[in-house]
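Enquirer: predicted model follows, preceded by the sequence.
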Amino acid sequence: MGGSTDCLVAMDVNKKVVPYGNGTYWQFSHEDLKWIGDPTGIFIEEGELLYGLVRAMKPKSLLETGTNVGVSTSYMALAIRDNLKYGVGAHPIRTLEHNVDVANAAVKKLSDMDLLQFVNVIAGDVDEFLDAMVRNPTQYGAPYDFVWLDTELNHRYSEFVKVFPFVSFGGIICIHDLWELDNKEFGGLPLQMKEWLKDGSVRVMPFNTGHGVTVFQKRSEVDYVSRLQQEATAK
C-alpha cells in the first residue's frame, strides 16, 4: 500500500486493509466500529489521492462535509501533519457530521491516532452550518483553500453552490462519488455551476476511481489563462 495508508494503519491497532469486491480496490475495516452501518469510508486509493492533493496544494483552511468515521479526515490530517514538518502550517480541518454518535466515534478515532489536534469535528446539520457561513464567513473558517464534499448524494451540488463563493482563488473543491457531472443521483447540475463552468470561473478534472472523485479548481485571478482572457477582453 501507499506510504500514507501504511502510516495510518500503524497508528490504529483496530484498522485493517481489506479488499473490496474482486480486490481491484481496497478499504479499511475498523474492528472497533462494527456498530456503525458503513464504517469503511473512502477507498484507500482515493484516500492516497486526497493525501497527495493536500500535500501538494498545502491549503491553510480546509472544510469537509460528511465525516463518517473519519477516514478521509485522517488522510487530510496526516497530510497537514506532514506539511507542518516542512514549515507549512494550517488551521484544523472543519469537518461536519450530522450524526452525533458517529461524530463522537470519529473524535475518539482521531484522538487515538494522535491526529485530533489537526481536526475540529462539528456535530450538526451541514446546511445550517453552510447557511451560517454565508451570513458570517470568517467566523466559520472561510475563505477555504480546500473542500471535500461527501454527504448525501443529492446534497453535494447544493453544498458546492453555497461554499464556492467562499473558496479562495486557486482553491480546490472535491466531490466524492462523482464520475460524471450530469449525474441523476446528484439531482442534475445546477444552473449556477453550469455558468461557472462556462465562464471559466471553475475548472474540473474527474477521476474514475472506485467511487469516483471529481476535482474542481476555482480560477486564480493571476494565472496564465486568466491573463490571456483579460487581454482578449481589453482588445
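Expert: Noted; the coordinates are in hand.

Enquirer: so where do the strands sit in the chain?
Expert: With DSSP state E as the definition, the chain shows strands at residue ranges 15-20, 25-30, 62-65, 93-97, 119-123, 144-149, 167-176, 202-207, 213-218.

Enquirer: distance of the closest residue to Thr151 other than its chain neighbours from Leu78?
Expert: If you skip the residues right next to it in sequence, Thr151 has Gly66 as its closest partner in space, 4.1 Å away by Cβ to Cβ, 6 or more residues apart in numbering. C-beta here means a position set from N, CA and C on the backbone, and glycine is covered the same way. Going from Gly66 to Leu78 by Cβ to Cβ, to the nearest Å gives 18 Å.

Enquirer: and if you look at Gly87?
Expert: For Gly87, the distance to Leu78 - Cβ to Cβ - is 17 Å.

Enquirer: higher neighbour count, these two?
Expert: In this comparison of Gly87 against Leu78, neighbours counted by other Cβ atoms under 10 Å, the higher total goes to Leu78 at 24 against 6.

Enquirer: wait, Gly210 sits on Glu46?
Expert: Yes - when contacts are counted by Cβ atoms under 8 Å, Gly210 is listed as touching Glu46 (6.8 Å).

Enquirer: okay, now Gly23: neighbour count?
Expert: Residue crowding around Gly23 was assessed by other Cβ under 10 Å; the count is 8.

Enquirer: try Gln217
Expert: The criterion is other Cβ under 10 Å. On that basis, Gln217 has 18 neighbouring residues.

Enquirer: that one pairs with what?
Expert: Ile172, Arg203 (DSSP bridges).

Enquirer: so how far is Gln192 from it?
Expert: Using Cβ to Cβ, we find Gln217 at a distance of 17 Å from Gln192.

Enquirer: now swap in Phe129 and tell me
Expert: Plainly put, Phe129 is 20 Å away from Gln192 if you go by Cβ to Cβ.

Enquirer: Val204 against Val215, yeah?
Expert: Yes - Val204 sits in contact with Val215 when judged by Cβ under 8 Å, with a separation of 7.2 Å.

Enquirer: which ones are touching the residue nearest to Thr151?
Expert: Contacts here follow Cβ atoms under 8 Å, 6 or more residues apart in numbering; on that basis Gly66 touches 96-97, 126, 149-151, 176.

Enquirer: one more pass at 10 Å, please.
Expert: 41, 72-73, 95-98, 102, 126, 148-152, 155-156, 159, 176 (Cβ atoms under 10 Å, 6 or more residues apart in numbering).

Enquirer: now do Val161
Expert: Going by Cβ under 10 Å, 6+ apart, Val161 touches 130, 190-193, 196.

Enquirer: got it, and Tyr144?
Expert: Here Tyr144 is in contact with 59-63, 91, 94, 133, 137, 163-164, 166-168, 171-173, 218 (criterion: Cβ under 10 Å, 6+ apart).

Enquirer: counting neighbours, what do you get for Val204?
Expert: Counted with other Cβ under 10 Å, the burial measure for Val204 works out to 15 neighbours.
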